[in-house]
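K.L.:
Attaching a predicted model along with its sequence, questions to come.
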Amino acid sequence: IQDYHVNDNVSLRCYFPEVPHHHADNECIIYISASAFVINRFEPSQYYCSHMANLSGRKVFQIAHRLAPEHKFPIFLYDCYDAIQWI
């Protein structure tokens, strides 16, 4: 597991598979938690993302975006877009 900072508002966590798929350098999975964008699911989703990386043999990037209601719609979409561009 490795953490990255896209900018002051957005972080990523990358999960690496134990055994990479032979095309794993060019492919990844981007995980955006289905939390209605109001609940921080960064830590609770750790097992799921790690398991997904190991099953697929690909890196899994989990996005930690700003949360509502402090940050109104569509802020989280901009955060996710920035993270995807960074990846």
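P.N.:
Perfect, I can see it now. Residues are numbered from 1 along each chain as shown.
K.L.:
Contact partners for the spatially most central residue of the chain?
P.N.:
For the chain, the residue sitting closest to the mean C-alpha position, by Cα atoms, centre = their mean, is residue 62 at 1.3 Å. Taking Cβ atoms under 8 Å, 6 or more residues apart in numbering as the criterion, residue 62 is in contact with 12-15, 31, 33, 42, 45, 49. The C-beta positions use only the backbone N, C-alpha and C, and glycine is treated the same way.
K.L.:
again, 10 Å this time
P.N.:
Residues in contact with residue 62 (Cβ atoms under 10 Å, 6 or more residues apart in numbering) are 1, 3, 11-15, 29-33, 41-42, 45-46, 48-50, 52, 83.
K.L.:
just for the chain, where's the confidence low?
P.N.:
The chain contains residues with pLDDT under 70 at 23-24, 34-42.
K.L.:
Name the helix or strand for the residue of it positioned farthest from its centre, please.
P.N.:
Distance from the centre of the chain peaks at residue 22, with 21.8 Å (Cα atoms, centre = their mean). Assessed by DSSP states H and E, residue 22 sits outside every helix and strand.
K.L.:
Return the distance of it relative to residue 54.
P.N.:
15 Å (Cβ to Cβ, to the nearest Å).
K.L.:
rewinding a little: what's the separation between the residue farthest from the centre of the chain and residue 70?
P.N.:
Here the distance between residue 22 and residue 70 works out to 43 Å (Cβ to Cβ).
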